[in-house]
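Peer 1: Let's see this in three dimensions:
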Amino acid sequence: MTELSPVDTVFVFVHGAWHSSGQWAATQRALAGRGAAGVAVDLPGHGFDAPLPSGYLLPGQPGLLTEKSALASVTMDDCAEVVLDTLRQVRRYRRVVLVAHSAGGGPASLAAERAPELVDAIVYLSAFVPAGRPRFVDYLASPENATARGQGLHLGDPEALGAIRINPLSPDPAYVEELRQTHYQDTPAERFGRWRSALSTDLPPAIPTTPVVVTSSRWGRIPRTFLRCADDRALTPSVQDLMIEEADLAVPEHPFTVRTLPGSHSPFAARPHELAAALLP
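Peer 2: Numbers count the residues shown, from 1 in each chain. Predicted structure coming up:
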């Protein structure tokens, strides 16, 4: 069988909570330099079209703690369908690799389960794998993730807001530093200012709480790789290993290929060239 080169491959990128397709730009450029294409999706409620609380960009940010989110009704099905639509568009490539980061593992996994014929490989970049436990929140709340940072970043009452809300433009230096230490601790503070300004405020609660059921005959037949982040403070290495272990127990005939990257939860910001190299076979 002829080995495929990078020019035969397209990577479909699915971002995590509060992020967008833009987070992948540097990695896409690095892959392009190696001959591979990359397409990034914006999940509902993320990206430049994300609806923001009405006072978010105003002085004092009025109503930020109480205003109901426009994303309260977004479902996991809505998110998976966005991924599926992109996968259908790129199926002309000989090899399609689906790459999910963090909370994006839920929609990506559901899309792969529903249409495994559209995906030749899946890469989980410190991402939720639902094979062992179908809800991301079950891993987030596990003892293995007890040392993770970031819980103090959430604003208001998520049930009343209809979203898990953060404030990337907070005027509080301590809050901003906690956001950096949670997700971007190896990104210099002066560069982090640009990264945080691109984040959105609201995560639809369906993304971490909706069960995603995958089967060995569909999702499980797709070759999969887990890229561990060795100093991840948002999703600890211990809980990353737990997800890998439980997925391999659920689908022992197709275990994960595991690779480890140095650094934080966000290698697309700190070391996109290393990330691109790790994505290529």
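
Peer 1: Buried residues in the helix or strand D85 falls within, which are they?
Peer 2: D85 belongs to helix 76-89 when assigned by DSSP states H and E. Residues 76, 78-84, 86-87 are the ones in helix 76-89 that count as buried (16 or more other CB atoms under 10 Å). Heads up, the C-betas are built off the backbone N, CA and C, glycines and all.

Peer 1: Likewise for stretch 124-142?
Peer 2: So stretch 124-142, judged by 16+ other CB under 10 Å, has buried residues 124-133, 135-136, 139-140, 142.

Peer 1: Ok, stretch 171-190 next?
Peer 2: 175-176, 178-180, 182-187.

Peer 1: any weak-confidence spans in the stretch 101-250 of the chain?
Peer 2: Across the stretch 101-250 of the chain, not a single residue meets the criterion (pLDDT under 70).

Peer 1: what's the angle between the strand or helix carrying G105 and helix 76-89?
Peer 2: Assigned by DSSP H and E, G105 belongs to helix 105-114. Going by axes from the mean of the first three to the mean of the last three CA atoms, to 10 degrees, helix 105-114 is angled at 60 degrees with respect to helix 76-89.

Peer 1: How are the helices of the protein distributed by residue range?
Peer 2: Along the chain, the stretches classed as helices by DSSP state H are 25-33, 76-89, 105-114, 136-140, 158-161, 173-183, 189-197, 206-209, 237-250, 267-270, 272-279.

Peer 1: Show residues contacting the second one.
Peer 2: Judged by CB atoms under 8 Å, 6 or more residues apart in numbering, the contacts made with helix 76-89 from elsewhere in the structure are 12, 14, 39, 41-44, 96, 98, 106-108, 110-111, 114-115, 118-119, 204, 206-207, 210, 212.

Peer 1: how far does it sit from the chain's center?
Peer 2: 14 Å (CA atoms, centre = their mean, to the nearest Å).

Peer 1: Alpha carbons of it, as PDB, please.
Peer 2: Provided in PDB are the C-alpha atoms of helix 76-89 (Å, rounded to 0.1, in the frame of the first residue of the first chain):
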ATOM      1  CA  MET A  76     -24.600  18.900  21.500                       C
ATOM      2  CA  ASP A  77     -26.400  17.900  18.300                       C
ATOM      3  CA  ASP A  78     -26.100  21.500  17.000                       C
ATOM      4  CA  CYS A  79     -22.300  21.400  17.700                       C
ATOM      5  CA  ALA A  80     -21.800  18.000  16.200                       C
ATOM      6  CA  GLU A  81     -23.700  19.000  13.000                       C
ATOM      7  CA  VAL A  82     -21.200  21.900  12.500                       C
ATOM      8  CA  VAL A  83     -18.400  19.400  12.600                       C
ATOM      9  CA  LEU A  84     -20.200  17.000  10.300                       C
ATOM     10  CA  ASP A  85     -20.900  19.700   7.700                       C
ATOM     11  CA  THR A  86     -17.200  20.500   7.500                       C
ATOM     12  CA  LEU A  87     -16.200  16.800   7.300                       C
ATOM     13  CA  ARG A  88     -18.600  16.300   4.400                       C
ATOM     14  CA  GLN A  89     -17.000  19.300   2.600                       C
END
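
Peer 1: okay, now T66: neighbour count?
Peer 2: Counted with other CB atoms under 10 Å, the neighbours of T66 add up to 13.
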